[in-house]
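Enquirer: Okay, here's the prediction I keep looking at, along with the sequence it came from:
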Amino acid sequence: MEEKPSNTMMLLYNLLLTGAALAGLPLLATLVLFSEKRRRTALQRLGVRPGPARLRRRIAARGDKPIWVHALSVGEVVSAIPLMAALKERFGNRSLVFSTSTQTGFDIASRKLAGTGDFVFHFPYDLLFSVAATVRAVDPELVVLVESDIWPNFLSAMKKRGTPVALVNARLSDRSYAGY
């Protein structure tokens, strides 16, 4: 019985998200055209420009599925640096990848995680096709979300794949948890 409301909520979420994206397309296109930061990230976050695809080629020789750590922006990236170091120490031969949602977070992660993570990339927009393309390319064994950058389509994709998701350094109220 619990599955039906969840499916209904996901359908409603995706209808509203798609409608908002389509209605806002002229504004979104303008923002992308006139913002260097958005121009540099939009195609990768849509899942149409290689990013994680290059990652798959890089780690294919290892024959493992990576541990994927995601942090929203600068503060979360900085707080995730010790976590990445601990994962590297504990799982030295395993591929470690890191995503972030902002360009500034990406720049800091690229600098600070050099030698720790195998690949840094932009987290996909929570659109079904963007999430599917990125998740397919990364093919994670485990996902670790730093703090609470929680996206329904992403979590749904992980659930369908049977990929465990851990939430670290986060606080969720009972009400928020029930909503997710």
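Expert: The structure has been received and is ready for your questions.
Enquirer: Please make it C-alpha for all contacts and neighbour counts, starting now.
Expert: Will do.
Enquirer: Check E36 and give its pLDDT.
Expert: Note for E36: predicted pLDDT of 69.
Enquirer: gap between R136 and A157?
Expert: Relative to A157, R136 is positioned 10 Å away (CA to CA, to the nearest Å).
Enquirer: how close does A133 get to G47?
Expert: 5 Å.
Enquirer: neighbour count winner among these two?
Expert: G47 (24 against 21; other CA atoms under 10 Å).
Enquirer: ok, which stretches of this protein are helices?
Expert: Ranges of helices in the chain, per DSSP state H, are 3-23, 25-34, 36-46, 52-59, 74-90, 103-112, 128-138, 152-161, 174-179.
Enquirer: what's the average pLDDT for the fourth one?
Expert: Pointing back at helix 52-59 there. Mean pLDDT, helix 52-59: 66.
Enquirer: and if you look at the fifth one?
Expert: Along helix 74-90, the predicted local confidence has a mean pLDDT of 93.
Enquirer: still on that earlier bit, shared neighbours, R136 and A157?
Expert: Residues within reach of R136 and of A157 at once, by CA atoms under 8 Å, 6 or more residues apart in numbering: there are none.
Enquirer: What residues does the residue nearest the centre of the chain make contact with?
Expert: By CA atoms, centre = their mean, the chain has its centre lying nearest to F123, at 3.6 Å. F123 sits next to R45, H70, S99, T100, S101 when contact means CA under 8 Å, 6+ apart.
Enquirer: what's the distance between it and V69?
Expert: Between F123 and V69 the computed distance is 10 Å (CA to CA).
Enquirer: Now for the two: what residues contact both?
Expert: The contact lists of F123 and V69 share S99, where a contact means CA under 8 Å, 6+ apart.
Enquirer: right, and D126 touches W151 too?
Expert: Yes. Using CA atoms under 8 Å, D126 is in contact with W151, at 6.3 Å.
Enquirer: neighbour-wise, which of those two wins?
Expert: D126 (19 against 14).
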